[in-house]
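Chemist: curious how this folds, go ahead:
(chains A, B, C and D)
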There are 4 protein chains.
Amino acid sequence: EVEEEEEMEVEKEVEAVKEVEEEMKVEEVEEEEKKGLLERLREGPVIGDGGYVIELEKRGYVTAGLWTPEATVEHPEAVRQLHREFLRSGSDVIQSFSFFASGDRISDTKNKFTGEAINQAACNLAVEVAREGDALVCGGVCQTPAYRKGATKNETRTLFRNQMQVLVDNRADFLLCEFVEEIELAIEVAKTFGLPVAASMCIGEKGSHDDVSLGQCAVRMARAGADVVGLNCHHAPMTVVENIKTMKKALQEAGLEPFLLTQPCGYHVDEAEKMGYLEIPEYPLAMEPRTITRWDCHRYARAAYDAGVRYLGGCCGFQPYHIRALAEELLPERGGRRAPAMDKHYPWGGGQVHSFFTMIRRRSTRDYWENLQPATGRPRSSAFSKCDTDYTVVLD
Amino acid sequence: EVEEEEEMEVEKEVEAVKEVEEEMKVEEVEEEEKKGLLERLREGPVIGDGGYVIELEKRGYVTAGLWTPEATVEHPEAVRQLHREFLRSGSDVIQSFSFFASGDRISDTKNKFTGEAINQAACNLAVEVAREGDALVCGGVCQTPAYRKGATKNETRTLFRNQMQVLVDNRADFLLCEFVEEIELAIEVAKTFGLPVAASMCIGEKGSHDDVSLGQCAVRMARAGADVVGLNCHHAPMTVVENIKTMKKALQEAGLEPFLLTQPCGYHVDEAEKMGYLEIPEYPLAMEPRTITRWDCHRYARAAYDAGVRYLGGCCGFQPYHIRALAEELLPERGGRRAPAMDKHYPWGGGQVHSFFTMIRRRSTRDYWENLQPATGRPRSSAFSKCDTDYTVVLD
Amino acid sequence: EVEEEEEMEVEKEVEAVKEVEEEMKVEEVEEEEKKGLLERLREGPVIGDGGYVIELEKRGYVTAGLWTPEATVEHPEAVRQLHREFLRSGSDVIQSFSFFASGDRISDTKNKFTGEAINQAACNLAVEVAREGDALVCGGVCQTPAYRKGATKNETRTLFRNQMQVLVDNRADFLLCEFVEEIELAIEVAKTFGLPVAASMCIGEKGSHDDVSLGQCAVRMARAGADVVGLNCHHAPMTVVENIKTMKKALQEAGLEPFLLTQPCGYHVDEAEKMGYLEIPEYPLAMEPRTITRWDCHRYARAAYDAGVRYLGGCCGFQPYHIRALAEELLPERGGRRAPAMDKHYPWGGGQVHSFFTMIRRRSTRDYWENLQPATGRPRSSAFSKCDTDYTVVLD
Amino acid sequence: EVEEEEEMEVEKEVEAVKEVEEEMKVEEVEEEEKKGLLERLREGPVIGDGGYVIELEKRGYVTAGLWTPEATVEHPEAVRQLHREFLRSGSDVIQSFSFFASGDRISDTKNKFTGEAINQAACNLAVEVAREGDALVCGGVCQTPAYRKGATKNETRTLFRNQMQVLVDNRADFLLCEFVEEIELAIEVAKTFGLPVAASMCIGEKGSHDDVSLGQCAVRMARAGADVVGLNCHHAPMTVVENIKTMKKALQEAGLEPFLLTQPCGYHVDEAEKMGYLEIPEYPLAMEPRTITRWDCHRYARAAYDAGVRYLGGCCGFQPYHIRALAEELLPERGGRRAPAMDKHYPWGGGQVHSFFTMIRRRSTRDYWENLQPATGRPRSSAFSKCDTDYTVVLD
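Modeler: As a prediction, this is how the structure comes out:
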C-alpha cells in the first residue's frame, strides 16, 4: 500500500512537471532567432557553464555516489536557480542537467523516476533559463554503461540516437558529447541531426584509458566530424591548458582546424595521473582545500585563450563566481559584453575599499590578489596526496 | 530621465514584492502554534542556519566589500532558495537575511533600496520558508555604525528599537543580537519585546576589542538578560568550541545558566588573533583552501555538544551541506529527526559504494573520512599566513 | 677467550687515553689566568656551544637510542674535532661531552667502558680544546636515573657529589645542571664546590612534568643558589625565548636577578607540548625538515638578547654554523670580537656575489635571506604532526 | 710588513704539510695490492662518499660562495676527519677534496694558497684515509672556467692533463670527471693515463645546458671511453634515478654497456628545472628543510640498484649517516660487509627501544620509519618555491 501511495505521489509530481512544460511550450512560439554556436565561436570566445552535480550535492539535491539528476523533476526550482546563476555570471551556454541520466544508470540505482522523465524536465529547465538571456542550449550526451558491458556498435548507436533525439526535439542548439571510449560512435550519430557537434574527453597528459595519446584522440574526434574538440573535467585548469596545446599541435600536423574547448574541473589536482581527480583520496567529499579561487580562473581564462581555446567553461567544482571570473578576464575579447552578476562584483577585489578596516582596504588591488599565494590554514595537511590508481571497474 | 526610469523600475520591483507579501498575509492566518526557542532548547539541540552573504556573493547576488542584502528585493528567488536549502538541510531556524541592512550602511553605500524595504522583504522570505518546515524565524539584529560614530546611548537605543520593531511585527520568533561593543544596550531593548533573546559576539580567545575578557563578556550578556549566550563568526569552529568553554566556566562561577550558542565561521583560521578571519590575507576572496569539510562539521558538532552548547549553527562559509552534517552528527540527540536533504546523503560517504571504480568504492566508510587529513593540492601555498592586524577603523 | 681479548683491547685503549692525559697535565702548568663566567656575563653576552649527541650520531660515533658518550674514549679525535668547530664558531664555553655518562646508564646499556673513564676523557678533551681559545670549561651535570627509581635525597646528593667531583678535579670553570625534577638538590651540592653554578631545565610553556609552573621553577632554581637560570633543549628557539620572558617576570616579582640562559633545541617543534621534541613523531631520525637555518639563529639571538638573556647557546640540533650565526648577530654587543670561523663566512649571504650565475648572485643580501620563508621541497609532508604524548616511563 | 709576516706564516703552514707528506711517503712503501674499481664494480655495488664543500662550510672551514678547498692546507685535521667519517660509514671510495681547486678559480678568488698546494694536500689526505680502510682513491677532475672563457680545445686538454697529472702521481686509483660541457675532452685526456675513468654530469630531465638530451650525453661519454657513466649533484635522488633509467635505455639502444653511477644531491628539489638546486631560492643557505633523511637514502639506494646502478654515492648534502644508510640498504648485495659506523647504528631505528619513554619506544620499527611522511614544523613555508632560472653567466 505504501508503495502504491508513493507511486501515486511520483505520478503527481510528474504530472505537475508536465503542466509546467505545457505552459512553456505555448510561450516558446514567440522565441526569435538567435546566433548559433559556430557563428559565435567565429566572433570571439564563448563562455560555457560550470558544474551541476557537485554543486547541487552541496545544496542538498543530488546524492554523492549516485550523482543522478532527478532534481530536475523533484526540485526544478533548485536546478533552475543554478542554471540562472550561471547565466547571470556570463555563461553563453546552458547545458541540460542530464548527467548520468542514461536509462540504465537510472534503473540500476532504483530511481523512482525514469530517465526519460528526468531528461525531458532537464531540457525544459535549460530551455527556460537560456531564454532568460541570449544563451544557447547545450544538449549533453553522456557515456552509456551498456557499451562497457559489451553492447555491440549498433546497439550503442541506437542508445545514442535515443538519447539525442530527446535533446534535439527539445530545441538543443548543439550537442556536446563527453566520453572516454565510444566517442567516435557518438559523433557519427550526432552528425546525423544536422546540429553543430562538440566533443570533449576527460583525459590527461598520458592519454586515454586504452592508451590512445592526447594528440591522437583530438585527431580522431575531428576526423569523426566534431566541430569543436576539447577536454573536460578530471584535471586541473592549468593542466588542461597544457594538454590542449598538445592536442592543438597534433591537429595542426594533421591539417585539422576544429574550434578548441576546455572545461576543466575546479580543483588543484596536479599530482593525479590518468583518471585525474578520481584518484585523489579527497574526492569527492573533502575537496574543499583544493577548490580553485576566482584568481585561478583569471589565470586559466587568459592562458586558455592565448593557447587558442575559444569555448571556455568549467566542469565539476566550477561555481557561478568562477564562471564570472572567466567572463571578466575575457571582457575585452568579448567586446565589453557584461554579465548581469558583474554588477555585483568589483573586478580584482576593488570592493574592499568599502571596508571599515584598514587591513581589509589594502586588499583592493589587482596586484594584491594576483600575487597572493593563498595559505591553506591546514598545518596538518600535506600539499599532495598519494593517489589511488586502482582503476578496476566493477559493474554490479 | 534615466534616473527617473530607474526609480520607476525600482518602485515596480518594490510593488511586486508587496504583492507577494499581501498574498502571504492571507495565508498566514492558517498557521498553527509552534514550539518556541526556549522550549526547543530544553528538549535538545537546536540547529541554526549557515552564512548568507558569502554564499550569495558566490552565486552573484551580493557585492563583496559592500555585503548589503538588497537581494531580498532584487532577487527574492535567490534568497528564498538559500533559505530553503538550509531548511532542507536541517536548520530549525531561518534567520532573516538582514545583515548590514541598517539604514545608515544602506545609504552610505548608495543602495537604490531603503533599509526598510530590504528588511521587510527579508522578513517575508524568512517567514515564508520557515513555514515550509517547522522552523523558527530568527530576527537578526546587527550593529549600528552610528554607535561607533559617537551616537549617545539613547540614540542607539532608538536605532535598535526601530530595527527590532520590524522584526517583531513580522512574526520573528526570537531576536538574535550579534555585536561587538554595544550589545548590552541591544539586549536591554530586545527584552522589552517579550521575545526570547539570544546574544552572540564574534570575539576570540583574547576577548573583545576593548579588552573585556571572554568570560566577562558572557557574564555581562547573561546579566543584561540574554536567554542564550554565545559566539559567532570570525573564528574557526574548534577555536570557538574552546572559547565557549571559557565562557561557560565564567558563567558557572557567576551562578548564571543561559543556553549556549556557537555559530563559527566555516574556515580554518587558527593563526588569526583578535579579529579572526578579517586579519587573514586571504579574506574574503581567496578563502577556498581554508573552507571546512563536512567532516570538520561532524567534529565541531560533537565537540560543541559535549561542551554543553545547545544552539549550534554556522556563520560565513557554512553552506547547506555543512548544516546537514551538524544535523547528521546530532541525529541521536535529536531523537532521530531527519532533515529532507538527508535523503540525498549517505552518512560518512556510504554512497561511494555505487561507483564503478574500486579506488572510489574504498572511500565509503566512516573510518576513511574521519581519519583523512585532506591534502591541499597547493605545493606553493603555506599553511599559515602572516596576519594583518592593522585594526584602524576608517569611517568615511 | 674472545671476551678476554676484548677486555685487553679496551684496557689498551684506556691506557692510551691516560697517556695523552699525562702529556696534557704537564702542559697545564703553563696555563694563565682567565676571566670567570660571572665576570664575562657582566661584560656582555656569552655564547655557549651546540649539541653533541645528535651531531656525533650523524658522524657515526654515537648510537641513536643509547646516546652514550663513549666516543670520548673510542674516538677522541671526533669529539675533539666537534669541540674545536664550536670553539672556532664563537663558543665561549666548551661543555664536557658527558651527557648520559652517569654510571648507571652506562652499565644499563652494557657499555664496554666505565662512566668514570668516559667522563675523565670527556674532561680532558674539553680542557684541551678550551685552551686552544680563551674558552671556559663547562662541567655538565645530568640527571640520575637512580632518583627516578626511588633513591633517597641523601643517596641522590652523594651521586651528584661524585659526578661533580670529577668535573671540579678536572678544572671545570663552572657547573651546569640540566634536569627536570631533582635540580634543587643538584644546585645545593654544586654550591659546595665554590664554582659558579648555572641551572637549566628543559620545560615548556606548561611547566614541569610534575606541574610546577615556568615561573615557579625559575624562582626555585634561583633560591637554591643558581647564579645563572634558564631553559635548554626540547623546545624551539622562539618558544624558549617566550618562555624565558615568563621566567624573568616571575624572578623579578620575587626580587631575584640571576643571569638568564637559553640553549634551545635546533628544530621547529611548535606543535609540541610538555616534553617538546620527544613527542614529535619525527624524533630522532627524521628531523631534517625541522632543522633551523642560520637565519633562524639570527632571529633567536636577537630576540633572546632583547629579552635579557646573557648566556645564549644551543642544544640538540645546533651545529657549528648555528653557533657562528649567534656570534655574528651579537657581534656589536660583544665588542666586535670575531670568531675564527667567521673568516670563512660572509654575513647575510654576501659570498654569493662570487657565483658565476646571475640567479645566485641575487641571493647576497640581508634583505633576501631575512625575508625568505624557506620552502620545504616536500609536497607530501604536512607542517605539523600529531604528537605522541604517552609519557609513561619504562625503567627496565 | 704585515703582509710579509702573513706570507711567512703561510709558508710555515705549507712546510708543515710537506713534513706530514714526507712521513706518509715512507709508510706508503708498505702498502699492499688492492682491487681496482672495475673489478669491484663487477663484484657488486660500490659505495661512493658524500659531499665535502657544503658540510665543511657548516663546520666552519669553507666559505659559502667561494667554495674553495684551502682547508686541505689550512685545517687538514678537519678534512681528514670528514674523509674518515665517510670511510667509517661505508664509502669504498675517498674522493680527493679538490673541488674548485683549479688554478684559475683559486687565483680569481685571491686565495693565499696555490691550487697546486691545495691539490697536493688534498691527495695526501685522501690517500691517508683511504689506507685506513680498504678504500680506493678517486681523483676528482673538475671543470675549467678557462673553457667557458674561450680557451681552445688544445689549451683545455693541457689544463686537464696538468690537473690529472697531480692526481695520478699521487696514487689516484681512478679518475672521475664531473662536468657539463667539455667532458669529452676530459675523458679523452683521462684515458691516456691508463686508469679507469668515470664520467658524470649534473644534468636533469631536460638534458644539458646546450640542449643535448640525457640519453645522448650518456652515449657520448661512453663513446669517448668512460668505463663508468652517470649523473651527479644538482638533482634529488629519486629524480636522478629516473634520469639514469633514461640514460641506460639510450646506452642499450646504442649497444653500450658502461657501469652506471649516481651521486645526487641530498635535497628535495623536485620543482627545479635544468640547473637543479641552483635555481632554488633556498640554495645554498636555507636548504635545511629540504635535506633528505636516512630513510630517503634507503629508498634511493634500492631504486638505484634496481635500475642497474652499481656506483652509488652522494654529492652536496650527503653527510656520513646518509652514506651509511646506502651501505645498510645494500648490505645483502655487498655480501654482508659491514662498515665500522654501523656498530653505532641499529637498522631502522631499532635503538629507540632503549628509551625511557613509551612514546619513543614505539619508533623502533622499519614499518614506522618507512611509512613516516616527516612533518616540516614550518606552517609558514610552502612545499615548492618559485625557481629562479636566470642562468646568465657572469665571468668577472
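
Chemist: leaving out the residues flanking it, which one is nearest to whatever residue of the stretch 1-150 of chain A ends up closest to chain B?
Modeler: When scored by CB to the nearest CB, the stretch 1-150 of chain A has A:Gly65 as its residue closest to chain B, at 2.3 Å. Where C-beta positions appear, they are placed from N, C-alpha and C, glycine not excepted. Distances taken as CB to CB, 6 or more residues apart in numbering or on different chains place B:Gly351 nearest to A:Gly65, at 2.3 Å, with adjacent residues excluded.

Chemist: roughly how far apart are that neighbour and A:Ala146?
Modeler: From B:Gly351 across to A:Ala146, the span is 22 Å (CB to CB, to the nearest Å).

Chemist: what do you get for A:Gly377?
Modeler: 45 Å.

Chemist: ok, now A:Ala224?
Modeler: Applying CB to CB, the value for A:Ala224 to A:Ala146 is 20 Å.

Chemist: what about A:Val229, which helix or strand?
Modeler: For A:Val229, the enclosing helix or strand under DSSP states H and E is strand A:228-232.

Chemist: what's the answer for A:Gly139, then?
Modeler: Take DSSP H and E as the rule and A:Gly139 turns out to sit in strand A:136-142.

Chemist: who touches the closest residue to A:Lys344 other than its chain neighbours in this structure?
Modeler: Among residues not flanking A:Lys344 along the chain, B:Thr63 sits closest, at 4.7 Å (CB to CB, 6+ apart). Each residue near B:Thr63 by CB atoms under 8 Å, 6 or more residues apart in numbering or on different chains is listed here: A:344-346, A:351, B:57.

Chemist: mind redoing it with 10 Å?
Modeler: Going by CB atoms under 10 Å, 6 or more residues apart in numbering or on different chains, B:Thr63 touches A:341, A:343-346, A:351, A:354, B:53, B:56-57, B:70-71, B:109, B:111.

Chemist: may I ask which of those residues comes out lowest in pLDDT?
Modeler: Sorting the contacts of B:Thr63 by pLDDT puts B:Thr109 at the bottom of the list (74).

Chemist: ok, stretch A:242-258 near chain B or not?
Modeler: No. Residues of stretch A:242-258 are not located near chain B by CB under 10 Å from any CB of the partner chain, the shortest gap being 16.2 Å.

Chemist: what about the nearest residue to A:Pro347 once chain neighbours are set aside, which SS state?
Modeler: Nearest residue to A:Pro347 in three dimensions, chain neighbours excluded: A:Glu328, at 5.7 Å (CB to CB, 6+ apart). Secondary structure, DSSP: H, G, I helix; E, B strand; the rest coil: A:Glu328 is helix.

Chemist: what count of nearby residues applies to A:Glu328?
Modeler: A:Glu328 has 22 neighbours, counted by other CB atoms under 10 Å in any protein chain shown.

Chemist: close to chain D: what parts of chain A are there?
Modeler: Going by CB under 10 Å from any CB, the residues of chain A near chain D are A:373, A:375-380, A:382-384, A:386.

Chemist: so A:Arg131 sits in a helix?
Modeler: Yes. Applying three-state DSSP, one finds A:Arg131 inside a helix.

Chemist: so what's it scoring on pLDDT?
Modeler: The model reports A:Arg131 with a pLDDT of 96.

Chemist: measure A:Pro289 to C:His345 for me?
Modeler: When distance is defined by CB to CB, A:Pro289 is 41 Å away from C:His345.

Chemist: same thing with A:Gly335?
Modeler: 61 Å.

Chemist: so between these two, which is more surrounded?
Modeler: C:His345 (24 against 8).
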